[in-house]
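**Student:** Okay, here's the prediction I keep looking at, along with the sequence it came from:
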Amino acid sequence: MPHSTRTPFARRFGSPLEWCNVDKALLIAALPMCALASNIFITSLMISRGEASSALSPHAARVIIEWGLGVVAGYGLIIGLGTFIRRRIPHSILFMHVTLQYSAITGALTGYIIGPFSSVIWLAMIGVFVLGLILFERLPALLSVLSFMFVLGATTAASGMGLLPHRSFLDASVTHQGSPPTWWLLSTGFMIAAITGLILVLLCYVVSSWRDREAKIVALSNVDGLTGLVNRRHLMELLDAEFSRAYRYRRSLACMMIDLDGFKEVNDHFGHRIGDEFLVSVATVLMRSVRNTDTVARYGGDELLILLPETDQAGAFRLAERCRHHIGEIRASVRTVSISITASIGVAVYPHVSVHTVNDLLDRADGALYRAKRAGRNQTMYLG
């Protein structure tokens with residue numbers, strides 16, 4: 001299995017992609033809530049120190065702060081409600097829609113009210129939408145995008161037609177004597193940094209989770225589910241690669257085909273569970289007997305195959321005999337009866353005058369195995 005790059009946080013809380021709908025919605029609610037709360041705090045602090053009086057009217061300050069506090073309170077209510085709901089309906093679709101719609105509508109209205117901060121609002125909403133598309137199904141995320149566009153477009157059109165008063169957050173230019181005031185730089189800079197940082201961290205985490213998941217899927221697709229050995233499909237890929245390397249560099253390549261003697265009788269008399277236990281035990285024994293560069297695979301049913309790069313006939317035969325003896329030592333207890341199993345092994349080696357392809361190598365190993373079976377089983381055979 002591939003080495004996981006997941007952080008301690010990821011190992012404790014899991015991947016956001018695997019969270020329930022309520023937890024995902026709470027994550028989406030926390031992003032704009034934290035960004036808006038931090039901006040309100042900094043703006044209020046600068047106003048209290050008198051640094052914004054030249055550009056910000058008292059009425060505009062009161063409106064934006066009251067609106068921001070109301071939105072933050074709404075997010076707090078949603079988070080509290082979500083904490084309650086997740087214990088009873090963790091996959092609530094309704095709560096997911098409500099959270100996304102609230103984020104979209106309040107984000108659009110905040111952009112309309114704040115005015116010059118609208119670029120920051122757009123940044124926050126785009127980040128929320130991107131995360132929404134990653135975490136949720138497309139429909140709820142796209143519906144929230146449509147709501148955001150509709151509300152922002154409607155308020156802008158109504159303002160242009162004189163139906164709604166539109167007053168920018170700032171009465172005057174944000175520049176003061178040729179440079180932006182300190183409160184402006186701090187509030188906008190902190191908000192942009194907070195939003196961008198949160199979005200990037202979450203996106204990096206989600207991407208790393210995707211990579212971990214993809215690596216696990218690839219690894220599982222190459223492994224036999226029962227024994228944990230390489231499966232036949234991946235074995236053929238490895239065999240093709242090793243045979244090509246041996247052919248190109250004139251190196252030795254050995255192949256051992258193993259068949260468990262009387263395995264069908266074990267299944268018939270003692271059940272498939274005992275047969276599976278034997279298979280797992282044999283796989284464990286073989287894995288302990290080979291080198292790190294060797295490959296042990298489940299070839300099919302009770303047939304196993306070991307691929308041995310850089311191994312000649314003598315080395316392969318010695319290993320086959322050692323594996324055969326280890327397999328014969330495996331015991332299983334069934335209803336106070338101790339049962340054992342033996343193995344017949346066929347060995348084939350490249351280079352050989354009769355081996356020109358991968359199939360030739362497999363055919364010779366299969367032929368040697370067949371000869372071992374005909375000779376009385378529990379033997380190792382090699383076709384000269």
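**Tutor:** That came in fine, so what should we check first? Since this is a predicted model, take the numbers as computed values, not measurements.
**Student:** Would you map out the domains in this protein?
**Tutor:** Under the assignment automatic domain parsing, the domains of the chain span 8-221, 232-382.
**Student:** what ranges do the strands span in the protein?
**Tutor:** 253-261, 295-300, 303-309, 331-334, 337-340, 342-350, 380-382 (DSSP state E).
**Student:** worst average pLDDT in those?
**Tutor:** Mean pLDDT is lowest for strand 331-334 among the strands of the chain, at a mean of 81.
**Student:** can you give me the helices for the stretch 51-200 of the chain?
**Tutor:** 58-85, 93-114, 118-135, 138-160, 182-221 (DSSP state H, counting those that start in this stretch).
**Student:** Nearest to R322 among the ones you listed would be which one?
**Tutor:** R322 sits nearest to helix 182-221 of all the helices of the stretch 51-200 of the chain, at 28.4 Å, using Cβ to Cβ. The C-beta positions use only the backbone N, C-alpha and C, and glycine is treated the same way.
**Student:** possible to save the domains of the chain as CSV with mean neighbour count?
**Tutor:** Formatted as CSV, those follow (neighbours: other Cβ atoms under 10 Å):
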stretch, mean neighbour count
domain 8-221, 17
domain 232-382, 17
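**Student:** And those domains, which one averages the lowest pLDDT?
**Tutor:** Among the domains of the chain, domain 8-221 carries the lowest mean pLDDT, a mean of 74.
**Student:** one step back: of the helices of the stretch 51-200 of the chain, which is nearest A368?
**Tutor:** Closest to A368 of the helices of the stretch 51-200 of the chain is helix 182-221 (Cβ to Cβ; 30.4 Å).
**Student:** that older thread, between the strands of the chain, which one is closest to E214.
**Tutor:** The closest of the strands of the chain to E214 is strand 295-300. By Cβ to Cβ, the value is 22.6 Å.
**Student:** List the contacts of the closest one.
**Tutor:** Applying Cβ atoms under 8 Å, 6 or more residues apart in numbering, the contact partners of strand 295-300 are 224, 226-227, 229-232, 234-235, 238, 257, 279, 283, 286-287, 290, 304-307.
**Student:** got the contact list for N231?
**Tutor:** Going by Cβ under 8 Å, 6+ apart, N231 touches 222-224, 297-298.
**Student:** same question, M381
**Tutor:** By Cβ under 8 Å, 6+ apart, the neighbours of M381 are 344-347, 368-369, 371-372, 375.
**Student:** so can I have a markdown table of the helices of the stretch 51-200 of the chain showing distance to Q379?
**Tutor:** Shown next, in a markdown table, are those (distance: least, Cβ to Cβ, whole Å):
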| stretch | distance to Q379 |
| --- | --- |
| helix 58-85 | 67 |
| helix 93-114 | 64 |
| helix 118-135 | 58 |
| helix 138-160 | 61 |
| helix 182-221 | 35 |
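**Student:** Out of those helices, the one nearest D261 is which?
**Tutor:** The nearest among those, by Cβ to Cβ, is helix 182-221 at 30.6 Å.
**Student:** To P32, which of the strands of the chain lies closest?
**Tutor:** Closest approach to P32 among the strands of the chain is made by strand 295-300 (51.9 Å; Cβ to Cβ).
**Student:** how far is the closest one from where the chain is centred?
**Tutor:** 27 Å (Cα atoms, centre = their mean, to the nearest Å).
**Student:** between that strand and strand 253-261, how many degrees?
**Tutor:** With axes from the mean of the first three to the mean of the last three Cα atoms, to 10 degrees applied, the angle from strand 295-300 to strand 253-261 works out at 50 degrees.
**Student:** What is the nearest of the contacts of M381 to N267?
**Tutor:** Distance to N267 across the contacts of M381 (Cβ to Cβ) is lowest for S344, with 17.4 Å.
**Student:** rewinding a little: greatest separation within the contacts of M381: which pair is it?
**Tutor:** Checking those with Cβ to Cβ, the most distant pair is V347 and A375, at 13.8 Å.
**Student:** Nearest to A316 among the helices of the stretch 51-200 of the chain would be which one?
**Tutor:** A316 lies closest, by Cβ to Cβ, to one member of those: helix 182-221, at 27.7 Å.
**Student:** what's the closest of the strands of the chain to K216?
**Tutor:** Nearest of the strands of the chain to K216, taken as Cβ to Cβ: strand 295-300 at 19.6 Å.
**Student:** and the angle from that closest one to strand 303-309?
**Tutor:** Relative orientation of strand 295-300 and strand 303-309, computed by the same axes, to 10 degrees: 150 degrees.
**Student:** Let me see the contact set for S92.
**Tutor:** S92 is in contact with 21-22, 85, counting by Cβ under 8 Å, 6+ apart.
**Student:** Same list (the residues you listed) but as CSV, adding distance to T110.
**Tutor:** CSV is the format used below for those (distance: Cβ to Cβ, whole Å):
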residue, distance to T110
N21, 25
V22, 24
I85, 25
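**Student:** what residues are up against F136?
**Tutor:** Contacts of F136 were listed using Cβ under 8 Å, 6+ apart, and they are 21, 24, 96, 100.
**Student:** and of the contacts of S92, the nearest to L383?
**Tutor:** Checking these against L383 with Cβ to Cβ, the nearest one is N21 at 61.6 Å.
**Student:** and the closest one, how far is that from L100?
**Tutor:** Per Cβ to Cβ, to the nearest Å, N21 is found 11 Å from L100.
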